[in-house]
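K.L.:
Just the structure for this:
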Amino acid sequence: PLQVHRRLLYDDNRGVGEALLEPGPDKRGLVVRGRHLVLLDEAAAAAERHRPLAQELVTAPYVVLAPGEGPSYRGHRPGRPQFSGLRRELPPNIHLLTLAPWGAGTVLLRLEHQFGRGESANGSRPVTLDLL
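P.N.:
Here you go, the predicted structure:
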């Protein structure tokens, strides 16, 4: 495990206006524990490995259970454990950022390209999507 703690004896001029000294309830300082993953690979392949993994870890899906009635249930068929409004799978370098209700009968759809120009040999290619 890696423990991270930041303590400053003097103001670092980052907006707090005072030194960062939080002793915590035991007066030994605050301890922040997190999960740190290290990927060891060549620099050219780094983005291809860490972007999809980061998306998977940070935006993992939630399991939502609801009664079997109402408009969200109409598209469900017995024996079908999942539903997708897509006709085909999104390309691996495209990430669905937002799909949310946006007024009467409309939704907000935001997609993002996960890789910058030249960042990935395969993933940086331009993508064209037909949303109809």
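K.L.:
In three-state terms, label A47 for me.
P.N.:
helix (DSSP: H, G, I helix; E, B strand; the rest coil).
K.L.:
Identify the residues contacting it.
P.N.:
Contacts for A47 were tallied using CB atoms under 8 Å, 6 or more residues apart in numbering; they are F115, G116, E119, S120, G123. Every residue, glycine included, has its C-beta placed from N, CA and C.
K.L.:
again, only using 6 Å
P.N.:
The contact partners of A47, taken as CB atoms under 6 Å, 6 or more residues apart in numbering, are F115, E119, S120.
K.L.:
The last one is in contact with E48, isn't it?
P.N.:
So that's S120. Yes: applying CB atoms under 6 Å as the test, S120 and E48 come out as touching, 4.7 Å apart.
K.L.:
returning to what we had before: tell me the one of the contacts of A47 nearest D11?
P.N.:
Using CB to CB, E119 is the member of the contacts of A47 that lies nearest D11, at 36.8 Å.
K.L.:
just curious, which of the contacts of A47 is nearest to K27?
P.N.:
Nearest member of those to K27, counting by CB to CB, is E119, at 45.8 Å.
K.L.:
What strand or helix carries that closest one?
P.N.:
Using DSSP states H and E, E119 sits within no helix or strand.
K.L.:
how much space is there between it and A46?
P.N.:
Distance of E119 to A46, given as CB to CB, to the nearest Å: 9 Å.
K.L.:
Quickly list what's touching both of these two.
P.N.:
Contacts common to E119 and A46, judged by CB under 6 Å, 6+ apart, are absent.
K.L.:
What backbone torsions are found at R14?
P.N.:
phi -110, psi 20 (degrees, to the nearest 10).
K.L.:
pLDDT score assigned to V32?
P.N.:
Listed pLDDT for V32 reads 69.
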